[in-house]
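[1] I need the structure of the sequence given here:
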Amino acid sequence: MSDVQITAVRDAHRFDEKALEKYLAANISDFAGPLTVRQFEGGQSNPTYQLITPGRTYVLRKQPPGELLPSAHQVDREYRVMAALASTPVPVPKMYCLCEDPAVIGTKFYIMEMVQGRIFTETRLPTLTPAERRAIYLDLARVLAELHKVNPEAVGLGSFGRPGNYYERQIGRWSKQYVASQTENLEAMNVLMDWLPKNIPEAGPIVVVHGDYRLGNTLIHPTEPRIVAVLDWELSTLGDGLADVGYLCQDWHGDSYNDAGLAGADLKALGIPTEEEFIAHYCKHANRAAIENWSFYLIYNMFRSAAIIQGVYKRGLDGNASSEKALEYKDAAKLKSAQAAALLARIRT
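    Residues are numbered from 1 along each chain as shown. Model (predicted):
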């Protein structure tokens, strides 16, 4: 487990706290100061803060300072999707307010409840028992299936994504963002940007896609092995739910950016389900048949992850990343795209 690190607000992410307190007093019915602001360490995109008052603790998510890539850091979308999911079986924090006026603290932001829970950032969950590990991974599959069973129209998210082929749009988006943040020529990325648009499977049903669904973006109950909140919805949209499944299943295929992953682990001893068991549990709860063209979803997600982490590294170079760890990702895009290219080479032979 990684205890959530909370620090003083970093210099690059300071804002007018008095202006924020005045805004909250006017927009949250039972808000009462005085207000103390602290910053969560970690998270490479939207800076996140703990807001402490005598009666309640809140969480603030805002856009980072500096020039932003097109279509990135859309905290308004995060707010909208979590507010919409409040009435569904998907566990999300309560939303209090969204401020789209940058005049208040310099960028858009929203306020949500502070849910008590544990965050685990190591995929092998070294501090837990085998039974707890298994329960958490199976709950990851179940909660993801619950998300994909939500009818977007029924919860007011019918216009949450653009029409047209989801993978075509996503591959185009991440190709552009990768090129915009490129710091060296990666041949593997060139291969993937060529292959992916030509090998898109037949589209599945349109559902709410989280976009960054993984263990580290869930809060686990303080004492029980179950999910109490799904966090970090910045990349959510409407699309094919198998994109989320493939994204999480990367963990079984190699190291992640700063974790050993599950490839090569003794899963039976650890109590962690195999990739096949995880997918079967998801399919059971999502009421769907087996998944065809599975390699595409893995390769697509490895490419997308490489593009995202390249953007994080570039923001680190530019000095406006939300965490000082951004510069540690210098070779992460190279490693992730190489994994994808190797998997592609295997399926081609």
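[2] just the strands in the chain please.
    Remark: strands assigned in the chain by DSSP state E are 6-7, 36-40, 48-52, 57-62, 95-99, 109-113, 206-209, 218-220, 227-230, 237-240.
[3] closest one to Leu24 among the ones you listed?
    strand 109-113 (6.8 Å; Cβ to Cβ). All C-beta spots, glycine's among them, are computed from the backbone N, C-alpha and C.
[4] run the chain-centre distance for that closest one.
    17 Å (Cα atoms, centre = their mean, to the nearest Å).
[5] list of residues touching that strand?
    For strand 109-113, contacts defined as Cβ atoms under 8 Å, 6 or more residues apart in numbering pick out 24, 28, 51, 58-63, 75-76, 78-79, 82, 93-99.
[6] can the strands of the chain go into a markdown table with extra columns for mean pLDDT?
    A markdown table is the format used below for the strands of the chain (pLDDT from 0 to 100):
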| stretch | mean pLDDT |
| --- | --- |
| strand 6-7 | 88 |
| strand 36-40 | 94 |
| strand 48-52 | 96 |
| strand 57-62 | 95 |
| strand 95-99 | 97 |
| strand 109-113 | 96 |
| strand 206-209 | 96 |
| strand 218-220 | 97 |
| strand 227-230 | 98 |
| strand 237-240 | 94 |
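[7] for those strands, which one sits closest to Leu270?
    Per Cβ to Cβ, nearest to Leu270 of the strands of the chain: strand 218-220, 16.4 Å.
[8] what packs against the closest one?
    Applying 3 or more Cβ pairs under 8 Å, 6 or more residues apart in numbering; DSSP states H and E, one finds that strand 218-220 makes contact with helix 130-149, strand 227-230.
[9] out of those, nearest to Thr274?
    Here helix 130-149 is closest among the helices and strands packed on strand 218-220 (Cβ to Cβ), at 10.0 Å.
[10] circling back: out of the helices and strands packed on strand 218-220, nearest to Ile6?
    Among the helices and strands packed on strand 218-220, strand 227-230 sits nearest to Ile6 (Cβ to Cβ), with 17.0 Å.
[11] can you say which of the strands of the chain is nearest to Ala180?
    Per Cβ to Cβ, nearest to Ala180 of these: strand 237-240, 19.3 Å.
[12] now the closest one - C-alpha only, PDB.
    Coordinates of each C-alpha in strand 237-240 appear next as PDB, following Å, rounded to 0.1, in the frame of the first residue of the first chain:
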ATOM      1  CA  THR A 237     -15.800   9.400 -22.700                       C
ATOM      2  CA  LEU A 238     -18.300   7.200 -24.600                       C
ATOM      3  CA  GLY A 239     -16.800   4.300 -26.500                       C
ATOM      4  CA  ASP A 240     -16.000   0.600 -26.400                       C
END
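[13] direction included, what does that strand pair up with?
    Here strand 237-240 has these sheet partners by DSSP bridges: strand 206-209 (antiparallel).
[14] tell me where the model's unsure across the stretch 201-349 of the chain.
    255-258, 321-324 (pLDDT under 70).
[15] quick one, helices of it?
    Along the stretch 201-349 of the chain, counting by DSSP state H, counting those that start in this stretch, helices occupy 242-249, 267-270, 275-286, 294-318, 332-348.
[16] domain-wise, how is the chain divided?
    Following automatic domain parsing, one gets these domains for the chain: 6-113, 130-348.
[17] follow-up on the earlier one: could the strands of the chain go into JSON lines alongside distance to Ala306?
    Shown next, in JSON lines, are the strands of the chain (distance: least, Cβ to Cβ, whole Å):
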{"stretch": "strand 6-7", "distance to Ala306": "29"}
{"stretch": "strand 36-40", "distance to Ala306": "25"}
{"stretch": "strand 48-52", "distance to Ala306": "24"}
{"stretch": "strand 57-62", "distance to Ala306": "25"}
{"stretch": "strand 95-99", "distance to Ala306": "31"}
{"stretch": "strand 109-113", "distance to Ala306": "29"}
{"stretch": "strand 206-209", "distance to Ala306": "19"}
{"stretch": "strand 218-220", "distance to Ala306": "23"}
{"stretch": "strand 227-230", "distance to Ala306": "24"}
{"stretch": "strand 237-240", "distance to Ala306": "19"}
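[18] just put the ones you listed in JSON lines and tack on mean neighbour count and distance to Cys249.
    Shown next, in JSON lines, are the strands of the chain (neighbours: other Cβ atoms under 10 Å; distance: least, Cβ to Cβ, whole Å):
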{"stretch": "strand 6-7", "mean neighbour count": "12", "distance to Cys249": "31"}
{"stretch": "strand 36-40", "mean neighbour count": "16", "distance to Cys249": "27"}
{"stretch": "strand 48-52", "mean neighbour count": "19", "distance to Cys249": "26"}
{"stretch": "strand 57-62", "mean neighbour count": "21", "distance to Cys249": "27"}
{"stretch": "strand 95-99", "mean neighbour count": "19", "distance to Cys249": "30"}
{"stretch": "strand 109-113", "mean neighbour count": "22", "distance to Cys249": "28"}
{"stretch": "strand 206-209", "mean neighbour count": "23", "distance to Cys249": "15"}
{"stretch": "strand 218-220", "mean neighbour count": "22", "distance to Cys249": "16"}
{"stretch": "strand 227-230", "mean neighbour count": "21", "distance to Cys249": "17"}
{"stretch": "strand 237-240", "mean neighbour count": "22", "distance to Cys249": "14"}
